[in-house]
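S.K.: coords below, sequence missing:
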């Protein structure tokens, strides 16, 4: 039995028969569908179309009122088969007659001809007519012209920043010097096409003689302010120079400015601003205008301050000027008048006092102090010491100069000179080598101003009026042939 079960099955197998049956079934179905699509379907469509009542369909009478005999017989057979009723009894007594067509009677009723709209096209054979609108359009009425004030012009653009040499080259075209060839008392600056700004002191001391761009010009006074010591002049005839713009900003603290040197036309002098000091601004340095009016120029070539007359005693580089805002206000207002200018020392005294704190009374120092502290004290004597206390400690002293609130006292015993403003010490100087600065510097040390600029920074140097000096906040050092000659402590 086992041997018989291992023999291979004879052909055809059961699977072959199943596959053959499936193939025959699929072939039969496909053949039936093909035969129906080719032969039977077209024949049925033609037969169904033959039974339609084409006359009823094509007639104007509604097809609902027409019925073929074949359809009636069909209805009768179906009804009889379902209900068993005689076809004769099934007929309705209601007779439906076809409607009679009569010719329409024409009535004389006027018909409105629709007028074409504004966007419609004309009918065939009819001219196009534009539809009239009931909307009345009025012509535009002229509006009254309203006078409008012109917009104010904005400020002119500021000059660009540049080097000091280029800035002074721009401003030098409006730089004016007052006085004759032997006396250069003051300066001024051209602020418009034919107007010059200077100090009232410079105008009066020069008698109206001035030079502009190398040409002598005649001027007349049109406005003056004795309180500020300012004067506005008008040039007679055409001006050979170019105006200098006034800066919209006042000088800042420690800002470096430049001015012209009347004794050397190809050279400029450098000063350093101390900022606002009451109604004025202060600066360290010297100008060539003893009677004031020197324009102080920034690196844009703009006027930022106008120097006031400096004291005639010399040596003190702490000077004052009128700031740009006050200069512009004076030029714009053109306030007339010509009152006498106050003494230059009075303005200087009021300006420098604001930088010094008054010291209280003290006991007489019992020991000698040789230390120099810039901006504070020289030895045992501080800035802000009152005259009464100074004379209580050192005696009367020798008055070297006194004008109004300005006074200079010399004491030979300690070799000190005091500068006072309204009886308050605002400057102390010595020419004695006992007092020393940082690094052991004292009177008699062989140094050049340029060698100390890094030690006392920030600082500027001057060699105007045959005077070499170094000015640093709170300190001034004067030189004589490369040797320190005087050390002075001033307000910082």
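M.R.: Received the coordinates, thanks. Source: prediction; values computed, not measured.
S.K.: CA only for contacts and neighbour counts going forward, please
M.R.: OK.
S.K.: right, and residue 253 touches residue 273 too?
M.R.: Yes - in this structure, residue 253 is within contact of residue 273 by C-alpha atoms under 8 Å, at 5.6 Å.
S.K.: more crowded one of those two?
M.R.: Shown here are residue 253 and residue 273; by other C-alpha atoms under 10 Å, residue 273 has more neighbours (23 against 14).
S.K.: residue 23 versus residue 35, what's the distance?
M.R.: Remark: distance between residue 35 and residue 23 (C-alpha to C-alpha, to the nearest Å) = 18 Å.
S.K.: and residue 174, by the same measure?
M.R.: 119 Å.
S.K.: could you pull out the helices in the stretch 301-450 of the chain for me?
M.R.: Under the criterion DSSP state H, counting those that start in this stretch, helices of the stretch 301-450 of the chain are mapped to 324-333, 344-353, 387-394.
S.K.: same check, this time on the stretch 101-250 of the chain
M.R.: Counting by DSSP H, counting those that start in this stretch, the helices of the stretch 101-250 of the chain are 164-171, 200-206.
S.K.: minimum distance to residue 265: which of those has it?
M.R.: helix 164-171 (11.1 Å; C-alpha to C-alpha).
S.K.: so where's the stretch 351-492 of the chain shaky on pLDDT?
M.R.: 464-466 (pLDDT under 70).
S.K.: my bad, should have said the chain
M.R.: Short version for the chain, where the test is pLDDT under 70: 1-11, 43-155, 180-184, 312-316, 335-345, 464-466.
S.K.: max-length helix in it?
M.R.: helix 14-35 (DSSP state H).
S.K.: picking that back up, so residue 174 and residue 23 - more neighbours on which side?
M.R.: A count of neighbours by other C-alpha under 10 Å puts residue 174 above the other of residue 174 and residue 23, at 24 against 11.
S.K.: that one and residue 233, how far apart?
M.R.: On the measure of C-alpha to C-alpha, residue 174 and residue 233 end up 13 Å apart.
S.K.: shared neighbours of these two, anything?
M.R.: Overlap of the contact sets of residue 174 and residue 233 (by C-alpha atoms under 8 Å, 6 or more residues apart in numbering) is empty.
S.K.: for residue 193, see how far away residue 240 is.
M.R.: Distance from residue 240 to residue 193, by C-alpha to C-alpha: 9 Å.
S.K.: now swap in residue 295 and tell me
M.R.: From residue 295 to residue 193 the distance is 17 Å (C-alpha to C-alpha).
S.K.: of those two, who's got more company?
M.R.: residue 295 (33 against 16).
S.K.: ok, and the closest non-adjacent residue to that one?
M.R.: residue 306 (4.8 Å; C-alpha to C-alpha, 6 or more residues apart in numbering).
S.K.: domain assignment for the protein?
M.R.: 164-353, 372-489 (automatic domain parsing).
S.K.: could the helices of the stretch 301-450 of the chain go into CSV alongside distance to residue 168?
M.R.: Below are these laid out as CSV (distance: least, C-alpha to C-alpha, whole Å):
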stretch, distance to residue 168
helix 324-333, 17
helix 344-353, 27
helix 387-394, 43
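S.K.: closest one to residue 375 among those?
M.R.: Taking the helices of the stretch 301-450 of the chain one by one with C-alpha to C-alpha, helix 344-353 is closest: 12.6 Å.
S.K.: by contact count, what packs against the closest one?
M.R.: strand 280-284, strand 318-323, strand 406-411, strand 416-421, strand 424-430 (3 or more C-alpha pairs under 8 Å, 6 or more residues apart in numbering; DSSP states H and E).
S.K.: re the thing from before, of the helices of the stretch 301-450 of the chain, which stretch is the most buried?
M.R.: Greatest average neighbour count among those goes to helix 344-353 (a mean of 20), per mean count of other C-alpha atoms under 10 Å.
S.K.: the inter-axis angle of that helix versus strand 406-411?
M.R.: 70 degrees (axes from the mean of the first three to the mean of the last three C-alpha atoms, to 10 degrees).
S.K.: secondary structure class for residue 451?
M.R.: helix (DSSP: H, G, I helix; E, B strand; the rest coil).
S.K.: cool, and residue 491?
M.R.: Secondary structure, three-state DSSP: residue 491 is coil.
S.K.: next: residue 456.
M.R.: coil.
S.K.: pretty sure it is touching residue 477, no?
M.R.: No - counting by C-alpha under 8 Å, residue 456 sits too far from residue 477 to count as a contact (10.5 Å).
S.K.: which one of these two has more residues nearby?
M.R.: residue 477 (21 against 16).
S.K.: surely the more buried one and residue 471 touch.
M.R.: Yes - in terms of C-alpha under 8 Å, residue 477 counts as a neighbour of residue 471; the distance is 6.6 Å.
S.K.: neighbours of the residue lying closest to residue 480 once chain neighbours are set aside, how many?
M.R.: Closest residue to residue 480 apart from its sequence neighbours, by C-alpha to C-alpha, 6+ apart: residue 468 at 7.1 Å. Residues lying near residue 468 (other C-alpha under 10 Å) number 18.
S.K.: for residue 468, give me phi and psi.
M.R.: When read as degrees, to the nearest 10, the backbone of residue 468 gives phi -100, psi 130.
S.K.: how close does residue 289 get to residue 487?
M.R.: When residue 289 is compared with residue 487 (using C-alpha to C-alpha), they lie 25 Å apart.
S.K.: got the contact list for residue 455?
M.R.: Residue 455 neighbours (C-alpha under 8 Å, 6+ apart): none.
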